[in-house]
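Participant: turn this into a model:
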Amino acid sequence: MSLQAKLPPETYSQAEILAAVQSLTVSNKTALIRVARAYARKTGYGHEDLIQEAYMRVLDGKRGWPKNVAAVPFLCGVMRSIAWDWRAEDYDENADVELIGYEDRTAAARIDMQKIIDMFNDDPIAQTIIIGMMEGARGEELRNVSGLAQTEYESKRTKIRRRIEKLAL
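Facilitator: Model prediction:
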């Protein structure tokens, strides 16, 4: 193993981060809002608070932004981390959906959605795609949100489909 492999990835400077945040497209901002809404559901805070906190942590240098990670997946990962820290005390990720009795189908659906999202804890880009799907994004919009080339995006979609199919078996 070379010394290069042991070094942490190079990160953006504060000026580069500010420029990247200011240059986010409308599509990027829409994707971030959708992801923030999904993550905010398990906290006691609104999605606006989640986005603002992510920007603040990145700009303050509390979260290093590796240069090899695109803006949307990186910011989604930051929001996911914050949401995990802020999770509402009454949110129980181990809740058994069978015990709910489906009186509140919205709560049951949220638990199921969270289980699917959690299946991809090892892959923040896949999580971004899944959350986008849950929020109604389709096709080219999902590919743009992921920041992947067409071939990489199709491979990621295949990975998502296969994991979800295993869950259904």
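Participant: just the helices from the chain, written as ranges.
Facilitator: 3-6, 14-22, 26-40, 47-59, 71-86, 97-100, 105-118, 124-134, 139-146, 150-168 (DSSP state H).
Participant: make a markdown table from those helices and add mean pLDDT to it.
Facilitator: A markdown table is the format used below for the helices of the chain (pLDDT from 0 to 100):
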| stretch | mean pLDDT |
| --- | --- |
| helix 3-6 | 49 |
| helix 14-22 | 90 |
| helix 26-40 | 87 |
| helix 47-59 | 90 |
| helix 71-86 | 87 |
| helix 97-100 | 42 |
| helix 105-118 | 61 |
| helix 124-134 | 83 |
| helix 139-146 | 81 |
| helix 150-168 | 83 |
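Participant: what's the closest non-adjacent residue to E10?
Facilitator: In this structure, E10 finds its nearest non-sequential neighbour in K67, 4.9 Å apart by C-beta to C-beta, 6 or more residues apart in numbering. Glycine gets a C-beta too; all of them are placed from N, C-alpha and C.
Participant: state the pLDDT value of that neighbour.
Facilitator: Looking at K67, its pLDDT is 83.
Participant: and it, how many neighbours?
Facilitator: The number of residues packed near K67 is 10, by other C-beta atoms under 10 Å.
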